[in-house]
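J.: Turn this into a structure:
(3 chains)
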Amino acid sequence: MPELPEVETICKALRPRLVGREITGVAALIESIRHPLDEHALDERLCGKRIVDVRRVAKYVVVEFADVDALVLHLGMSGSFRVCTVGSPYAPHDRIAWQLSDGMSWRLNDPRRFSIAKPCRLATPGGVPDMLARLGPDPLETAFDGDYLHCSCSGRTQPVKNAIMDQRMVVGIGNIYACEALFLAGISPKRPCGRLSLRSCQRLVDAVRDVLRKALDSGGTTLRNYRSVDGTEGKFALELSVYGREGEMCLRCGTAATVRRIVQAGRSTFYCPRCQH
DNA sequence: ATATTCCCCTGGAAGC
DNA sequence: TGCTTCCAGGGGAATA
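T.: Numbers count the residues shown, from 1 in each chain, chains lettered A, B, ... in the order given. Below is the predicted model:
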């Protein structure tokens, strides 16, 4: 569920609630989420260590502790965090509860159980965990530019929509922002990525950045489950141009009922066939 | 290697 | 009302 803007929003909200605290206890409220929750693996190294940073890497949340220990988290499709007082009753689908040294309880809630919580060690403070080292560049960093995209796509036949959702190509882009960025760039989601010109790739890079930055400014997109840590919704749903608008008027060409929904690699794609080629 | 398809799981909405 | 089907911000394994 959360894509780059949502994960970034969550990290920003978690940071002041976690940094400087220690984890004093952990409870797994279910045997497994995506992977088995070995309670040992969750607390063995981390208890008693001070949290020094919370940051986003791709769509992951990395909580760094003193002495380069870290906890890598991913929210899957339906995961969310809350920080409440230790005695608060558990909500339905609370999966993990970490007790903090300031008397608060940090909880992972995830109805669908696709979330990941995995401890690891970093090579250096502020570093990227080994398990995330094979991912593509961050779309907001300068390494993701037209040349890079053009080069990475060359010789491939995969539809461009699937290509930009592949986290080995570029991270952080999921189903919503892939659709929105392609609409903004005027590129058909069905175009084989290897047949995009350099100019088109540059346009797409700009569109991706544009959409992600605006979504960040709005605190992300809330359609169903997504909430930030304090329960607030992301406001970008109001600004979506094509996602979820099947059968509605295209906001660019103004033609009635042109926004179409197709399925690519098992995921819904929304686009305007008159504006996107 | 590259590109689909299927699957993990639960709940809500829509259809009948 | 109640049952069935479809759908969902992800990603990894299995399959062509």
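
J.: now residue A:116: how far from DNA strand C?
T.: 8 Å (Cβ to the nearest atom of the strand, to the nearest Å). To be clear about C-beta, it is placed using only N, CA and C from the backbone, and glycine gets the same treatment.

J.: Please apply the same query to residue A:20.
T.: Distance from residue A:20 to DNA strand C, by Cβ to the nearest atom of the strand: 28 Å.

J.: List phi and psi for that residue.
T.: phi 100, psi -20 (degrees, to the nearest 10).

J.: where does chain A come near DNA strand B, residue by residue?
T.: A:78, A:92-93, A:111-114, A:155-159, A:162, A:194, A:265-266 (Cβ under 7 Å from any atom of the strand).

J.: Buried among those residues? Need that as a selection in ChimeraX.
T.: A single ChimeraX command is used to select the members of these judged buried by 16 or more other Cβ atoms under 10 Å:
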select /A:78,93,113,158,159,162
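
J.: wait, what's in contact with the residue of the stretch 151-277 of chain A found nearest DNA strand B?
T.: Distance from DNA strand B to each residue of the stretch 151-277 of chain A (Cβ to the nearest atom of the strand) is smallest for residue A:156, at 3.3 Å. Listed by Cβ atoms under 8 Å, 6 or more residues apart in numbering, the contact set of residue A:156 reads A:163, A:192-194.

J.: Same question for residue A:105.
T.: Counting by Cβ under 8 Å, 6+ apart, residue A:105 touches A:83-86, A:88, A:97-99.

J.: tell me the SS of it?
T.: strand (DSSP: H, G, I helix; E, B strand; the rest coil).

J.: confidence score at it?
T.: pLDDT, residue A:105: 98.

J.: do the same with residue A:224
T.: For residue A:224, pLDDT reads 89.

J.: so what's it up against?
T.: A:1, A:78.

J.: before we move on, what SS does it have?
T.: Put simply, residue A:224 is coil when judged by three-state DSSP.

J.: and the gap between it and DNA strand C?
T.: 4 Å.

J.: cool, residue A:218 as well?
T.: Going from residue A:218 to DNA strand C by Cβ to the nearest atom of the strand gives 12 Å.

J.: Check whether that residue really touches residue A:239, as I assumed.
T.: Yes: counting by Cβ atoms under 8 Å, residue A:218 touches residue A:239, with 6.7 Å between them.

J.: Neighbour count: those two, which is higher?
T.: Shown here are residue A:218 and residue A:239; by other Cβ atoms under 10 Å, residue A:218 has more neighbours (18 against 13).

J.: which ones are touching that one?
T.: Residue A:218 touches A:5, A:234-236, A:238-239, counting by Cβ under 8 Å, 6+ apart.

J.: Among the residues you listed, which pair sits farthest apart?
T.: Greatest spatial distance in those: A:5 and A:238, 13.9 Å, computed using Cβ to Cβ.

J.: Neighbour count: those two, which is higher?
T.: residue A:5 (27 against 9).

J.: For that one, what are phi and psi?
T.: phi -60, psi -30.

J.: repeat for the one 4 residues further on
T.: With angles defined as degrees, to the nearest 10, residue A:9 shows backbone torsions of phi -60, psi -40.

J.: So it is in contact with residue A:212, correct?
T.: No: using Cβ under 8 Å, residue A:9 makes no contact with residue A:212, being 11.6 Å away.

J.: Distance-wise, check residue A:216 relative to DNA strand C.
T.: For residue A:216, the distance to DNA strand C - Cβ to the nearest atom of the strand - is 13 Å.

J.: what sits against the residue nearest to that residue when sequence neighbours are not counted?
T.: Closest residue to residue A:216 apart from its sequence neighbours, by Cβ to Cβ, 6 or more residues apart in numbering: residue A:5 at 4.6 Å. Residue A:5 makes contact with A:177, A:212, A:215-216, A:218-221, A:234, A:236, according to Cβ under 8 Å, 6+ apart.
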